[in-house]
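[1] Need coordinates for the following:
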Amino acid sequence: MNRREFMGTLGLGALGGAACTRPRFVNAQVATRYDGISYSPHGGYADLDFAALGGQYVSPPHVGLRLGRIGPRWVCVDKHGKVLLVRGVYDVRIWQTHVMRGTAQAGRTQMKNIYAKYGSDANWRVPMVNRLRTFHFNVLGPHSDERLRDPMMVVHIRDCAQYGTYPPFTRGIIAEAVKDVYRSCKANAPGAAESGWTNRQWGDWLDPKWEQYLTSVYAKISPNSHAQFYYSAEGDWLSQAIGGAHPDETGLSFSSGSYWCVHAGMAILWSNPVITSQRHYRDKVVYTYSVDNVNHSKRRLIDNLKKKYGTIAALNAAWQTDGYYTSFDTAGGWGVGTGVIDEDGLRPRSWFGSNGAPFYGHQPGRNDAFNSTRWAPNVKVDLDQILYESVGAFLGASARVIKARVPGALFGGGVSGVGGADGPPRIPVLHAFRDHCDFMLGGGYNQLRWAHETDAAGRPGQLTPGQGDAISEFTYRHAQKPLIQPIYPWERDDSSVYYFGSAATVGQVVRGQRVNDRVTRLINFQASDGTYPFLGWFHWAAYDQVNEASGWGLLTLNDNPYDGRDYRVAMPDPHTPGRTTLTEDRVYGDYLGYGGSGSLVRTDLVVGANVNMFRTVRRSFGTQAR
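    Numbers count the residues shown, from 1 in each chain. Next up, the predicted model:
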């Protein structure tokens, strides 16, 4: 083939001639169509062209996904220039240790069942991705098998927050692990009365070693076009600092307070300024710190106070201490001295709210680590500032390192979402996300609790749809970043983990209708500034989970979809051609929307929620959209 013939095959005509035309770019992967919706190869809506709709990019170029705005609506834009809304599944993987207890598969693990159906996990991957695509999902979440890539996008996570503070994982990477501020607080000693401290952490993120650790970890990561969303933490371990605020701090009081979290600024003030050893929450081993025993977060707080007030007398006046503190620095030692740096929070202080009334998780007469509105006003201002700086140090270092390694990557912080089950996080936390993240996980629609759920005091969930709107409004107003909502749709009796016992659950159909309601609400939610901030949602998870006795999957532990079919007898899998289903003990309800068939018949369940997202945004774009 000569040069002219070669150029002709590309659609270019003669070079420089009148016949020269625009190149025909042919992608090896073609668009797909499900239930009347045409998708680009990477999950965008083929009929919604971002440029044609007048969209404006917000994030810098990337090999794949970008953020943009079309009028008041936040959207993602895939590498083909098509509007994309996130329809993700958080956890898509095979569990080796999930042992069944039902009759049909008693004693078998999920992995053995997958092997029985597919022969190997390698044979499972492509059919699994294809099945999720037919369910209208387009993103694999952070807990998914990393080999599940093409043709779906993936979320990339390295749980640096947890492992950067765990000495066995930092050896040979940094001089010593980043210390845990929470573990150095006497108020967090075993048996402490208040909830909100246990089984979580908050690292000394102002330690320069935090960024050094991140740099080393991400230097080993190879950028790829499939990884679109990046995180540096599993959010569960951070929830005590970025979780739900006391309602007095937000004005959003919806439940009992079982998820109100400690104010990390107060934890920093109470923490030990010199940390020589700690018992780690993960393995309960005591680790020593001999290279660097400085609590950098508390040191930053003291430096801030010196710079702001100048004299200890000025601080005493501002904090309304009646002259208690005699120095910014130590004056007798931590827990016994009268320096600000000596403060451990165990002695009653009126300026820390010790004279406040008791509430859930807080004993009368003790200093208040939960409700900052009970502190002296300037105490709140100063500790809100160190909370902002601490969260900002965690997020900022993560964003810098990830974006240096993967230019244009979209960074979202931690992967479980901000806020607790009763409301959003504190305003300084949201401001840190505003200043360091491209988007964030959160919003109010995971908080529309199932009717059967109860809080720690045995009271049923109380959040209404309107309260979910209020949480989303508060979150977006202070963060000003687009949101992706994680949803954890729980079930037991009508699921493959029924054998854990009755939990007064509602059944697959009602579960699906409630998820549909949440997704419908978030895609239609309009903030007070007129913005539609939600980019989409994540479903937890692909499969039920034995270890949490929770049937929150799209599929049973036998790999059968919750589509209302009778799988007590093996049959050809209606969603995975060429494969045969494994038998179930029971007939479960329809969660997906297939009504017992292989075709979508109900748009008020989960798959219908994904379909309705497209219809909603297409209507919102009016006549410009085909």
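
[2] Can you give me the buried ones in stretch 308-324?
    With burial defined by 16 or more other Cβ atoms under 10 Å, the residues of stretch 308-324 counted as buried are Tyr309, Ile312, Leu315, Asn316, Ala318, Trp319, Thr321, Tyr324. C-beta coordinates here come from the backbone N, C-alpha and C atoms, glycine included.

[3] Now do the strands in the stretch 1-150 of the chain.
    Taking DSSP state E, counting those that start in this stretch to define them, one finds strands in the stretch 1-150 of the chain at 32-34, 37-39, 56-57, 66-70, 73-77, 83-84, 86-89, 139-140.

[4] same deal with the stretch 251-400 of the chain?
    Listed from the start of the chain, the stretch 251-400 of the chain has strands (DSSP E, counting those that start in this stretch) covering 277-279, 286-288.

[5] Which among those is found nearest to Arg299?
    Among the strands of the stretch 251-400 of the chain, strand 277-279 comes nearest to Arg299, with 17.0 Å by Cβ to Cβ.

[6] Please work out which residues outside that closest one touch it.
    Lys179, Asp180, Arg183, Ser184, Val285, Val286, Tyr287, Thr288, Tyr289 (Cβ atoms under 8 Å, 6 or more residues apart in numbering).

[7] picking that back up, got the strands of the stretch 1-150 of the chain as CSV, with mean neighbour count, mean pLDDT and distance to Thr556 columns?
    Rendered in CSV, the data for the strands of the stretch 1-150 of the chain read as follows (neighbours: other Cβ atoms under 10 Å; pLDDT from 0 to 100; distance: least, Cβ to Cβ, whole Å):
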stretch, mean neighbour count, mean pLDDT, distance to Thr556
strand 32-34, 14, 87, 22
strand 37-39, 18, 94, 26
strand 56-57, 12, 96, 42
strand 66-70, 20, 96, 36
strand 73-77, 26, 96, 31
strand 83-84, 28, 96, 29
strand 86-89, 25, 94, 15
strand 139-140, 28, 88, 20
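
[8] need those strands in CSV with distance to Arg492, can you?
    Converted to CSV, the strands of the stretch 1-150 of the chain look like this (distance: least, Cβ to Cβ, whole Å):
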stretch, distance to Arg492
strand 32-34, 30
strand 37-39, 33
strand 56-57, 45
strand 66-70, 38
strand 73-77, 34
strand 83-84, 34
strand 86-89, 20
strand 139-140, 26
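
[9] By average pLDDT, which secondary structure element in this structure comes out worst?
    When each helix and strand of the chain is scored by mean pLDDT, DSSP states H and E, helix 3-9 comes last, with a mean of 36.

[10] shaky segments in the stretch 301-450 of the chain?
    Confidence mapping of the stretch 301-450 of the chain against pLDDT under 70 gives the ranges 359-362, 415, 420-422, 447-450.

[11] rerun that using 50 as the cut-off
    450 (pLDDT under 50).

[12] Show me what Asp563 is bridged to.
    Asp563 forms beta bridges with Asp590, as assigned by DSSP bridges.

[13] What's the local residue count around it?
    Using other Cβ atoms under 10 Å, Asp563 has 28 other residues around it.

[14] same thing with Phe614?
    For Phe614, the number of neighbouring residues by other Cβ under 10 Å comes to 23.

[15] Find the helix or strand that it is a member of.
    For Phe614, the enclosing helix or strand under DSSP states H and E is helix 606-620.

[16] Which secondary structure elements does that helix sit against?
    Contacts defined by 3 or more Cβ pairs under 8 Å, 6 or more residues apart in numbering; DSSP states H and E place helix 606-620 against strand 73-77, helix 508-524.

[17] Check these for me and report the most buried one.
    Greatest average neighbour count among these goes to strand 73-77 (a mean of 26), per mean count of other Cβ atoms under 10 Å.

[18] Backbone dihedrals for Tyr230, please?
    Note on Tyr230: its backbone torsions stand at phi -120, psi 140 [degrees, to the nearest 10].

[19] can you pull the contacts of it?
    Residues counted as contacts of Tyr230 (Cβ under 8 Å, 6+ apart) are Val155, His156, Ile157, Ile402, Val406, Ala409, Leu410, Phe411, Gly412.

[20] quick one: low-confidence ranges for the stretch 101-250 of the chain?
    Counting by pLDDT under 50, the stretch 101-250 of the chain shows low-confidence ranges at 190-193.
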